[in-house]
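1. Sharing a sequence plus its predicted fold:
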Amino acid sequence: MSALRRLSETLGEAEDMHAIVAGGGEWVRRLLGPEAAVALAHPDGSGRLRVVWSDGSAAADRRRAAGRRAAFRSLTSTRLDRDGDDRVEVILPLVSRSEALGVLEVLAPERAIEAAWDLLEVGASQLGVALQAITRNARLRREVEALERTSSLGTALVRAGTVDEAVRIAVRFVWERFRVPVAGWCDTEGDSLRLVGTQGLGSRRSHELRLATPTMAAWPSARPADRERLTRRFGDLAGVRRVSVLDAGQAVVLCAEPDVAPPGSLEAVGSLLGGVLRLLGHATLAERRNERLDMGIAWTAHELRSPLLGIRAALELLLERRVSDPAERAVLRTSLHELDQLAGSAEAILTWAVGERPLRRRPADLVRVVEEAVESCRLEMGDKDVLLFTPERAVARFDPVHLRTVVSNLVRNALAYSYPGTKVEVVVEEAIDHLALSVKDEGPEIPASERRLIFDPFARGSLSRSARNGAGLGLFIAKRVVEAHGGRIWVDSDPGGTTFHVRLPVEGRELQRFAS
């Protein structure tokens, strides 16, 4: 019992595998006497038994290798007799929960071994438990370290701004993590791969690899022969036989297969790289789409301004001819006023779709802006029933020209989509910290699938084909203007109708005092 207690204390204080096997071996020698020779063997990364600690001559004889393997695989003790020697050699497997962790090899006088046999078996069992615990802890530490490294790789990849930058980050990670030659190719032109980064090859071999593989088809569509040629060429220049291929879709990374690597660690690099490249690809497509959209809107703004000015000139000519009917003259003056505002702000309004324009904020009355917008919509779309519910005044600092555009777009939509004989309600409300505007119609419900996209440029829902013509920019521009004011706009819709809401922040009590 005292011997087992000493062994338990020794194993409990051990912090790594070397301390466990050294403590266990010394315990066996003290148990059997100074004539005993002891060795402990543990499987390496390839599964081959390696002597990791020895004291005496037990580890010097290569003929014991077969006995070690037999004890390790069968999980039973093996005895080796020695001719002309009164000593006996025994090999005990170190086992924990039916898992072989190594073997304990003892060479000692037969009498000493027989007297201490029970203690040797119990000690081997405790050594097995201790080795399993330390092995599992080491494996967990490696997995945690791999996760931390993979997490840092993911963070770095997400921050990459381009495809080739992401591939270079992955190449550098593989080199720093596994210290093996590595190279990465990516598809930057949409149809071919080109070499963008190498590590561990040296400048001369990197140059040879670049000359040998100037471009090739994107990896998913490349011919098997081309893939094999690239892999073989990389292996020849890196001086390795086994090459790991990390296929990331838009890119491919080749590296020498590491001797020791946590399971799935290389695959995780390829998976992370592929995911980030897909995101970068979507972002690039969106950027190109926005560039085309910006050019189209800028062209529209340019082309719209000239015809508006031409119409205005025609109206001025009519007025100069002294139209006698007062009603006609009033209509012409109103039309000129509307054209002045539209022509003067057409370019500014449309370029909201390109980007945020500087606002000309000044104290203004939202009620007055809404009244002017509603009256303009009535003239444009006929005498339709629009009900206004507003306070006497609602003053805040905002850009009245652009905000009128928002109101006009919302009211026009409501009038266009309302059922015949129904009313449109426009409500203005004021609070200490915000102004609220809502425009409600009694038209058909907007499908839930379209509400999320209704503020996108050129978005025209299924109802638009029967209600009105238009490019689908009105709500998109309204959203840009409202957000530039620090506000938000949203829509609610049900079978009873649709309501657009606008909320604009104000400067609180100071503006309220100014309004009064």
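-> Cool, the structure landed.
2. what's the domain layout of the protein?
-> Domain assignment for the chain by automatic domain parsing gives 2-141, 159-277, 286-344, 356-515.
3. In a helix, residue 367, correct?
-> Yes: residue state for residue 367 (DSSP: H, G, I helix; E, B strand; the rest coil) corresponds to a helix.
4. can you put the domains of the chain in JSON lines and add distance to residue 152 and mean neighbour count?
-> Every residue, glycine included, has its C-beta placed from N, CA and C. Shown next, in JSON lines, are the domains of the chain (distance: least, Cβ to Cβ, whole Å; neighbours: other Cβ atoms under 10 Å):
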{"stretch": "domain 2-141", "distance to residue 152": "17", "mean neighbour count": "17"}
{"stretch": "domain 159-277", "distance to residue 152": "8", "mean neighbour count": "18"}
{"stretch": "domain 286-344", "distance to residue 152": "27", "mean neighbour count": "13"}
{"stretch": "domain 356-515", "distance to residue 152": "35", "mean neighbour count": "17"}
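5. which one of those has the lowest average pLDDT?
-> Mean pLDDT values for the domains of the chain show the minimum at domain 286-344, a mean of 64.
6. For residue 120, see how far away residue 228 is.
-> To residue 120, residue 228 is 55 Å away according to Cβ to Cβ, to the nearest Å.
7. likewise residue 421?
-> Distance of residue 421 to residue 120, computed by Cβ to Cβ: 102 Å.
8. swap in residue 313?
-> Separation of residue 313 from residue 120 (Cβ to Cβ) stands at 112 Å.
9. again with residue 103
-> Separation of residue 103 from residue 120 (Cβ to Cβ): 12 Å.
10. wait, residue 414 sits on residue 441?
-> Yes: between residue 414 and residue 441 there is a contact under Cβ atoms under 8 Å: 3.9 Å.
11. what is in contact with those two at once?
-> Here residue 414 and residue 441 have 424, 498 as joint contacts, going by Cβ atoms under 8 Å, 6 or more residues apart in numbering.
12. what's the nearest residue to residue 497 if we skip its chain neighbours?
-> Of all residues not flanking residue 497 in the chain, residue 442 sits nearest, at 4.3 Å (Cβ to Cβ, 6 or more residues apart in numbering).
13. Hmm, that neighbour is touching residue 495, no?
-> No: the pair residue 442 and residue 495 fails to qualify as a contact (Cβ under 8 Å) at a distance of 10.2 Å.
14. overlap in contacts of those two?
-> Applying Cβ under 8 Å, 6+ apart, one finds that no residue jointly contacts residue 442 and residue 495.
15. What is the helix or strand harbouring residue 100 packed up against?
-> Using DSSP states H and E, residue 100 maps to strand 99-109. With contacts taken as 3 or more Cβ pairs under 8 Å, 6 or more residues apart in numbering; DSSP states H and E, strand 99-109 sits against helix 17-32, strand 37-43, strand 49-55, helix 65-74, strand 87-96, helix 117-159.
16. Distance from the very next helix or strand once past the longest one to the middle of the chain?
-> Read that as helix 117-159. Following helix 117-159 in sequence order, the next helix or strand is helix 163-178 (DSSP H and E). Computed by Cα atoms, centre = their mean, to the nearest Å, the chain-centroid distance of helix 163-178 equals 17 Å.
17. So what are the sheet partners of the next helix or strand after helix 163-178 and their directions?
-> Counting by DSSP H and E, the next helix or strand C-terminal to helix 163-178 is strand 182-187. Strands that pair with strand 182-187, judged by DSSP bridges, come out as strand 192-199 (antiparallel), strand 251-256 (antiparallel).
18. ok, and what's touching the helix or strand encompassing residue 10?
-> In the assignment (DSSP H and E), residue 10 maps to helix 2-13. The contact list for helix 2-13, computed with Cβ under 8 Å, 6+ apart, reads 19-20, 23-24, 26-27, 31, 119, 122-123, 126-127, 130.
19. who's the residue nearest to residue 180 when sequence neighbours are not counted bridged to?
-> In space, and not counting its chain neighbours, residue 180 is closest to residue 256: 3.9 Å by Cβ to Cβ, 6+ apart. Under the criterion DSSP bridges, residue 256 forms beta bridges with residue 243.
20. now do residue 182
-> On the basis of DSSP bridges, residue 182 is bridged to residue 199, residue 255.
21. For it, give me its contacts.
-> Residue 182 makes contacts with 171, 174, 175, 198, 199, 200, 253, 254, 255, 256, as judged by Cβ under 8 Å, 6+ apart.
22. can you put these in TSV and add distance to residue 447?
-> Below are the contacts of residue 182 laid out as TSV (distance: Cβ to Cβ, whole Å):
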residue	distance to residue 447
171	48
174	49
175	53
198	53
199	53
200	57
253	45
254	49
255	51
256	56
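23. Could you single out the nearest of those residues to residue 233?
-> residue 254 (9.4 Å; Cβ to Cβ).
24. before we move on, back to that, adding distance to residue 153, write the domains of the chain out as JSON lines.
-> Conversion of these to JSON lines gives the following (distance: least, Cβ to Cβ, whole Å):
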{"stretch": "domain 2-141", "distance to residue 153": "19"}
{"stretch": "domain 159-277", "distance to residue 153": "5"}
{"stretch": "domain 286-344", "distance to residue 153": "25"}
{"stretch": "domain 356-515", "distance to residue 153": "33"}
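25. before we move on, back to that, how about the contacts made by the residue nearest to residue 180?
-> Residues near residue 256 by Cβ under 8 Å, 6+ apart: 180, 181, 182, 200, 235, 238, 240, 242, 243, 244.
26. so which two of the residues you listed are the farthest from each other?
-> 200 and 242 (15.0 Å).
27. Please verify my assumption that residue 226 contacts residue 216.
-> Yes: using Cβ under 8 Å, residue 226 makes contact with residue 216 at a distance of 5.5 Å.
28. Residue 378 in helix, strand or coil?
-> Going by three-state DSSP: residue 378 is helix.
29. so it sits right up against residue 385, yeah?
-> No: with contact defined as Cβ under 8 Å, residue 378 does not count as touching residue 385 (9.5 Å).
30. can you pull out the strands in the stretch 251-400 of the chain?
-> Ranges of strands within the stretch 251-400 of the chain are 251-256, 362-365, 386-389, 395-398, based on DSSP state E, counting those that start in this stretch.
31. next one: the stretch 401-516 of the chain
-> Secondary structure of the stretch 401-516 of the chain (DSSP E, counting those that start in this stretch): strands located at 424-430, 434-441, 488-494, 497-505.
32. want to try JSON lines for the ones you listed, with distance to residue 452 as columns?
-> As requested, the strands of the stretch 401-516 of the chain are exported to JSON lines (distance: least, Cβ to Cβ, whole Å):
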{"stretch": "strand 424-430", "distance to residue 452": "24"}
{"stretch": "strand 434-441", "distance to residue 452": "19"}
{"stretch": "strand 488-494", "distance to residue 452": "10"}
{"stretch": "strand 497-505", "distance to residue 452": "14"}
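33. Between those, which one is closest to residue 99.
-> Closest of those to residue 99 is strand 488-494, at 60.7 Å (criterion: Cβ to Cβ).
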